[in-house]
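Novice: Sequence plus the predicted model coming up.
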Amino acid sequence: MLAIQDRDLPEAAAPEESSRKSRPSSDNTAAEKAEAPLAERGRAKKDGSGKKRKTPAAGGKDAAPAASEKSAAQTKKTRPPRKKPAAGEAAQTDQPAARLPEQPSGSGSYRDAELSSAHLPESPVLEESLRHGRHVAVLAASLFDQLADLHELDDLWRNRLVLAARLHDIGFVEGRKGHHKAGMRYIEEDLSLNMADIDRPFVALLVRYHRKAWPSRRHARFAALARTDRRSLRRAAALLRIADALDYTHKRLVRGCVADIRPHRVVLSLDCLKDCPEERARVLKKGDLFAHLFDRELECICRAG
């Protein structure tokens, strides 16, 4: 489903409409008014607050602003109503992107809104990949929030990271070998995957870089990005690689983690169902990009219980 983006109409400043009503002073009679010069008539009028104000004479210097106010008032009445922003517009505004809901406890299906209309084959392999992706997404969001002082990414990138985490293994439908590149192609080509067009290339590249090679300008898709986007994508990919490593065995042994940022290292205290040596070893291996970008080594402590 393609997200259609509209632009808000510029909201004109509301013109100040004068509600002041003039009334003639009781000191002048109708006969005296007829004889009085036009320039002197304004002095005999008062506004609603009781303070004297000068009424512009016809053809005087103040006539133009009065006409302008009347024209602005008419413009306000005829101005078309403001359009509501369409879905996906948050990506181009200062408002934070909407955070995706977590999977309800006990739900049997792991096909999210992003996959509800996707043309992906039904298979046990895909279901397991989505189940694993759901857990990795929770871990990735937690790492993103706790390490915000390091990566300095905004909620737009948080949303992209969570989407990529959920979908990072969909390429398994073509087999394990090269599944990161197959997943990238699925996201790029299958428009039935429900995400904003502006997010699609970034989500696809995050899936591409969740394993194996680091993001590199030798890769055409990555090189085509703007410099700031390349920087942001590298940092988001580093978080995704760690989150994926925390569920390396697909047994969901790591229920969560607490990140402690120190001057030369980041310590991850893992809340585990039991000891998870494979996950800890994998975090150190796939955390190489993180260590390179942030100049901090990773350390894992397993707190089973």
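Specialist: Right, received. Where do you want to start?
Novice: ok, now how distant is L273 from V136?
Specialist: Here L273 is placed at a distance of 16 Å from V136 (Cβ to Cβ, to the nearest Å). All C-beta atoms are positioned from the backbone trio N, CA, C, and that covers glycine.
Novice: for whatever helix or strand R230 lives in, what is the average pLDDT?
Specialist: Using DSSP states H and E, R230 maps to helix 227-245. Helix 227-245 carries an average pLDDT of 98.
Novice: related to what we said a few turns ago, neighbour count winner among L273 and V136?
Specialist: Taking neighbours as other Cβ atoms under 10 Å, L273 and V136 compare with V136 leading, 26 against 12.
Novice: from what I can see that one touches H168, true?
Specialist: Yes: V136 is within contact range of H168, at 6.8 Å (criterion: Cβ atoms under 8 Å).
Novice: intersection of neighbour lists for those two?
Specialist: Common contact partners of V136 and H168 (Cβ atoms under 8 Å, 6 or more residues apart in numbering): 240, 244.
Novice: how many neighbours does the closest residue to A137 other than its chain neighbours have?
Specialist: Leaving aside its sequence neighbours, A137 sits nearest to A165 (Cβ to Cβ, 6 or more residues apart in numbering; 3.9 Å). A165 has 29 neighbours, counted by other Cβ under 10 Å.
Novice: Same question for the one 4 residues further on.
Specialist: Residue neighbour count, defined by other Cβ under 10 Å, stands at 27 for D169.
Novice: Extract the CA atoms of stretch 228-244 and return them as PDB.
Specialist: C-alpha atoms of stretch 228-244 as PDB (Å, rounded to 0.1, in the frame of the first residue of the first chain):
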ATOM      1  CA  THR A 228      23.700  12.200   6.700                       C
ATOM      2  CA  ASP A 229      21.600   9.200   5.700                       C
ATOM      3  CA  ARG A 230      24.700   7.100   5.300                       C
ATOM      4  CA  ARG A 231      25.900   8.000   8.700                       C
ATOM      5  CA  SER A 232      22.500   7.300  10.300                       C
ATOM      6  CA  LEU A 233      22.100   4.000   8.500                       C
ATOM      7  CA  ARG A 234      25.500   2.800   9.700                       C
ATOM      8  CA  ARG A 235      24.500   3.500  13.300                       C
ATOM      9  CA  ALA A 236      21.100   1.800  13.000                       C
ATOM     10  CA  ALA A 237      22.700  -1.200  11.300                       C
ATOM     11  CA  ALA A 238      25.100  -1.500  14.200                       C
ATOM     12  CA  LEU A 239      22.200  -1.700  16.700                       C
ATOM     13  CA  LEU A 240      20.300  -4.300  14.500                       C
ATOM     14  CA  ARG A 241      23.300  -6.600  14.300                       C
ATOM     15  CA  ILE A 242      23.600  -6.600  18.100                       C
ATOM     16  CA  ALA A 243      19.900  -7.200  18.600                       C
ATOM     17  CA  ASP A 244      20.000 -10.100  16.100                       C
END
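Novice: Show me which residues of it are buried.
Specialist: Neighbour counts over stretch 228-244 (16 or more other Cβ atoms under 10 Å) mark 230-244 as buried.
Novice: What's the separation between D295 and A213?
Specialist: 21 Å.
Novice: pretty sure C257 contacts V266?
Specialist: No: applying Cβ under 8 Å, one finds C257 not in contact with V266, separated by 10.5 Å.
Novice: Please enumerate residues in contact with the helix holding R230?
Specialist: 136-137, 139-140, 143-144, 147, 151-153, 157, 160-161, 164-165, 168, 202, 205-206, 209-211, 214-215, 217, 222, 225, 268, 279, 282-283, 285-287, 289-290, 293-294, 298.
Novice: next helix or strand past that helix?
Specialist: Beyond helix 227-245 on the C-terminal side, the first helix or strand identified by DSSP H and E is strand 254-261.
Novice: then the helix or strand that that next one is followed by to PDB, C-alphas only?
Specialist: Note on strand 254-261: by DSSP H and E, the next helix or strand toward the C-terminus is strand 265-272. These are the backbone C-alpha positions of strand 265-272, laid out as PDB (Å, rounded to 0.1, in the frame of the first residue of the first chain):
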ATOM      1  CA  ARG A 265      33.100   0.400  26.600                       C
ATOM      2  CA  VAL A 266      29.400  -0.500  26.800                       C
ATOM      3  CA  VAL A 267      28.400  -3.200  29.200                       C
ATOM      4  CA  LEU A 268      25.200  -5.200  28.400                       C
ATOM      5  CA  SER A 269      23.600  -6.900  31.400                       C
ATOM      6  CA  LEU A 270      21.400  -9.600  29.900                       C
ATOM      7  CA  ASP A 271      18.300 -10.900  31.500                       C
ATOM      8  CA  CYS A 272      18.400 -14.500  30.500                       C
END
